[in-house]
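> Here is my input, please return the structure:
(chains A and B)
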2 protein chains.
Amino acid sequence: MKNKTILLASRPNGVPTQENFAFEVQDVPALQEGHVLLKSLYVSVDPYMRGRMSDAASYVAPYTVGEPITGGIVAEVIDSRNPQFPKGTVVMDRLPWQQYIVHDGSGLSKISPDIAPLSYHLGILGMPGLTAYFGLLHIGDPKPGETVVVSGAAGAVGTVVGQIAKLKGCRVVGVAGSDDKIAYLKEALGFDEAINYKTVGDLKEAMAQACPDGVDVYFDNVGGEISDAVYLKLNKFARIAICGQIAYYNATSAPTGMRVEPILLKKSALMKGFIVSDFAQNFNTAAKDLVTWLKEGKLQYQETISEGFENIPQAFLGLFSGENTGKQLVKVADREG
Amino acid sequence: MKNKTILLASRPNGVPTQENFAFEVQDVPALQEGHVLLKSLYVSVDPYMRGRMSDAASYVAPYTVGEPITGGIVAEVIDSRNPQFPKGTVVMDRLPWQQYIVHDGSGLSKISPDIAPLSYHLGILGMPGLTAYFGLLHIGDPKPGETVVVSGAAGAVGTVVGQIAKLKGCRVVGVAGSDDKIAYLKEALGFDEAINYKTVGDLKEAMAQACPDGVDVYFDNVGGEISDAVYLKLNKFARIAICGQIAYYNATSAPTGMRVEPILLKKSALMKGFIVSDFAQNFNTAAKDLVTWLKEGKLQYQETISEGFENIPQAFLGLFSGENTGKQLVKVADREG
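Predicted coordinates for the structure are as follows:
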């Protein structure tokens, strides 16, 4: 059986391109005792992976040139010599971008196919959903009646942030980059206001109009001028959760811009960076809440699913041109079991 | 009896000058029932007053052009028709820059002359001491063995920050602007390292050398390039207390520079602005700790005291050229009682 792998061919300088990826074909080796053979079903592509393509120190180790890219994958056990993971089991883990993966089982999380569609475990019930949950609730700490602004609002994290903020009784303002996304946020997800930063003209003026009572919580996926417009509207004791800074991921030198520090001083405001693993001790509680809200219909969830293993790099590159609404995934294969 | 008052003559554009201040002479009015006559003894000049000279929204209300400047003053009751404040009582409050002040007594804090020199209540036992205490302990939350960096280290707040951090078992690195200050920090106050940012050359390299284990807590009075050098050495889960941003107080447009947000993200770091009044509920506990440490000789305290009411503006202006070590005060008169 032939097996395709996607390797990091070279490190990007600025915006990544197809040339930074290489495909390799090898045979699937015979299965040893204790191992399982996984077939990749859904592959997650996420903005944080851009950081791993560089070799600068970051919160996650960089990928190695010539080695497979790794990321969140939902896979099915299609052959097993490990009794813990019988054939037909569906699992999730950070795994190499391969069609077939030989694995000893350590660290694999079993997924129940009954809770939700399998792909949801890479999104609203996985890393992006947990990221939204902890950043908003543990750092943002929103109170009923407060104003919450989220940038990258139509993305995998932002859509969940806004909906949880609505659940908590807040006024929610989203910032995104197309009219389709704006309509989705307001009509499907119930955001109070949404700003198309690409067409709005004066972003600061638009932010001021959308937030007549100022901003109490800012969940930032983006950085740059969108953040500057929010900073100018911060209320006393505002909280800012820094989840992503996609505006700078392809920067080739240290980004510069408006200093936020004097504003934090004036407003006694808090700003905190985080990564979801900071909250690993509380994952179970969060997952229970998310499943409950999903089952009760309180959370809407949208995916953009590309098809085909060969299209993984293109799906990843699309994240930086704003092509996706909601969680971007690639469906690689159907489930067998 | 004649009484001099210092008014805000005009709002500064950039660095303040003598011309922004005006002197006025009036008679001291007769004392009404319930009022006291105060004689100013010590007048505090502080960097935050620069913000109040502008009319931009800030955390404290701006001064009014043509009205007296106000600030921390220790004064003596020299005549009284208020039984709560008999003649000879020493009090402290935010008061107008006047030699003599008629006051109804509301809000005045009595000072015990036995605890410490009277002027200490404008410094280590007053606003600057409390600012150091809360910013370091409630935001910075330093643990034994951690590295604490403080900018504006030789100032009224910085000297207390560094000493409390030493009390808590930390490695303490100060940044200041003269060799005399550096010697004072290391020799008198026990800082582990101190950097003269004016003469050091490569500030980033010096910071890296002074902090071989990185930076866990940064207490920032200054902003600008000093902060940039610290940011590059932040450890995972670092805490930054933004107490002052004197580098920008005289800026005439929104300051720009290196973006701190991507670094906070990478390091899961916290940054929080504050003003001492945010912690008003805990003032008593803090004051008790500070008095105890002072009496036990665990806190050293230095003042730069100018003499003469007429020299108050000059003492204030000196804050922005780095002339003072420790707390800058002006002694206006001797105590009578």
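> Could you chop chain A up by domain?
A:2-123+A:302-331, A:127-279+A:287-293 (automatic domain parsing).
> does the longest one come close to chain B?
Yes. Applying C-beta under 8 Å from any C-beta of the partner chain, one finds domain A:127-279+A:287-293 touching chain B at A:220, A:223, A:227, A:236, A:242-245, A:248, A:254-275, A:278. (Glycine included, C-beta is placed from N, CA and C.)
> Kindly check the end-to-end length of that domain for me.
17 Å (C-alpha to C-alpha, to the nearest Å).
> same deal with stretch A:254-272?
Stretch A:254-272: ends 19 Å apart by C-alpha to C-alpha.
> again, but for stretch A:146-165
End-to-end for stretch A:146-165, by C-alpha to C-alpha: 9 Å.
> ok, now stretch A:85-98?
19 Å.
> sorry, back to before: next step: the residues of domain A:127-279+A:287-293 next to chain B restricted to strands.
Among those, the members falling in strands (DSSP state E) are A:Asp220, A:Lys236, A:Ile242, A:Thr256, A:Gly257, A:Met258, A:Leu270, A:Met271, A:Lys272, A:Gly273.
> so which of the domains of chain A gets nearest B:Ala30?
Of all the domains of chain A, it is domain A:127-279+A:287-293 that lies closest to B:Ala30, at 42.0 Å by C-beta to C-beta.
> contacting residues for A:Gly244?
A:Pro47, A:Tyr48, A:Gly152, A:Val157, A:Asp220, A:Asn221, A:Val222, A:Gly223, B:Leu265 (C-beta atoms under 8 Å, 6 or more residues apart in numbering or on different chains).
> circling back: of the residues of domain A:127-279+A:287-293 next to chain B, buried ones?
If you count burial by 16 or more other C-beta atoms under 10 Å in any protein chain shown, the buried members of the residues of domain A:127-279+A:287-293 next to chain B come out as A:220, A:223, A:227, A:242-245, A:248, A:255, A:257-275, A:278.
> quick revisit: quick check: of the ones in strands among the residues of domain A:127-279+A:287-293 next to chain B, which lies closest to A:Lys331?
A:Asp220 (30.1 Å).
> for whichever strand in chain A runs longest, the distance to its chain's centre please.
Longest strand in chain A by number of residues, with DSSP E as the criterion: strand A:70-80. Centre-to-centre, strand A:70-80 and its host chain are 19 Å apart (C-alpha atoms, centre = their mean, to the nearest Å).
> Can you point out the buried residues in the helix or strand that comes right after that strand?
As assigned by DSSP states H and E, the chain's next helix or strand after strand A:70-80 is strand A:90-96. For strand A:90-96, burial by neighbour count (16+ other C-beta under 10 Å) applies to A:Val90, A:Val91, A:Met92, A:Asp93, A:Leu95, A:Pro96.
> can you check stretch A:145-161 too?
Going by neighbour count (16+ other C-beta under 10 Å), the buried part of stretch A:145-161 is A:146-161.
> now swap in stretch A:11-27 and tell me
A:Pro12, A:Pro16, A:Asn20, A:Phe21.
> what's the distance between the third one and chain B?
It refers to A:Asn20. 21 Å (C-beta to the nearest C-beta, to the nearest Å).
> give the contact list for that residue.
Applying C-beta under 8 Å, 6+ apart to A:Asn20 gives the contacts A:Leu8, A:Ala9, A:Ser10, A:Arg11, A:Pro12, A:Met53, A:Pro313.
> buried residues in stretch A:231-239?
So for stretch A:231-239, counting by 16+ other C-beta under 10 Å, buried means A:Tyr231, A:Leu232, A:Lys233, A:Leu234, A:Asn235, A:Ala238, A:Arg239.
> now for the residues you listed, which pair is the farthest apart?
A:Leu232 and A:Arg239 (16.4 Å).
> quick one: low-confidence ranges for chain A?
Applying pLDDT under 70 to chain A flags the ranges A:57-60.
> Centre-most residue in it?
In chain A, the centroid-proximal residue (C-alpha atoms, centre = their mean) is A:Pro128; its distance is 4.1 Å.
> returning to what we had before: among the buried residues of stretch A:11-27, which are located in strands?
Short answer: the buried residues of stretch A:11-27 in strands (DSSP E) are A:Phe21.
> So for stretch A:126-141, first residue to last residue, what's the gap.
21 Å.
> Is it correct that A:Ala315 is in contact with A:Val45?
Yes. The pair A:Ala315 / A:Val45 is scored as a contact, 4.9 Å apart, by C-beta atoms under 8 Å.
> Which neighbours do the two have in common?
Contact criterion C-beta under 8 Å, 6+ apart; residues shared by A:Ala315 and A:Val45: A:Gln328, A:Leu329, A:Val330.
> Serialize these to JSON lines and add fields for secondary structure and distance to B:Asp27.
Shown next, in JSON lines, are the shared contacts of A:Ala315 and A:Val45 (DSSP: H, G, I helix; E, B strand; the rest coil; distance: C-beta to C-beta, whole Å):
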{"residue": "A:Gln328", "secondary structure": "strand", "distance to B:Asp27": "77"}
{"residue": "A:Leu329", "secondary structure": "strand", "distance to B:Asp27": "81"}
{"residue": "A:Val330", "secondary structure": "strand", "distance to B:Asp27": "85"}
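> ok, so of these, who is nearest B:Lys198?
Ranked by distance to B:Lys198 (C-beta to C-beta), those are led by A:Gln328 at 50.4 Å.
> Name the SS class of A:Phe316, please.
Put simply, A:Phe316 is helix when judged by DSSP: H, G, I helix; E, B strand; the rest coil.
> Likewise for the one 3 residues further on?
The assignment at A:Leu319 comes out as helix when based on three-state DSSP.
> Distance check, it against A:Thr147.
In this view, A:Leu319 and A:Thr147 are 28 Å apart by C-beta to C-beta, to the nearest Å.
> What of A:Tyr63?
In terms of C-beta to C-beta, A:Tyr63 sits 39 Å off from A:Thr147.
> Same check on A:Val25?
Distance of A:Val25 to A:Thr147, given as C-beta to C-beta: 53 Å.
> what do you get for A:Gly308?
Counting by C-beta to C-beta - A:Gly308 and A:Thr147 are separated by 42 Å.
> How about A:Ala287?
28 Å.
> A:Val28 now?
Taking C-beta to C-beta, one finds A:Val28 at 53 Å from A:Thr147.
> Likewise for A:Gly318?
According to C-beta to C-beta, A:Gly318 and A:Thr147 sit 31 Å apart.
> ditto for A:Ala116
Distance from A:Ala116 to A:Thr147, by C-beta to C-beta: 31 Å.
> can you check A:Asn250 too?
Distance from A:Asn250 to A:Thr147, by C-beta to C-beta: 31 Å.
> A:Ala153 too?
For A:Ala153 relative to A:Thr147 (C-beta to C-beta), the value is 14 Å.
> Repeat that for A:Ser44.
With C-beta to C-beta as the criterion, A:Ser44 and A:Thr147 are 31 Å apart.
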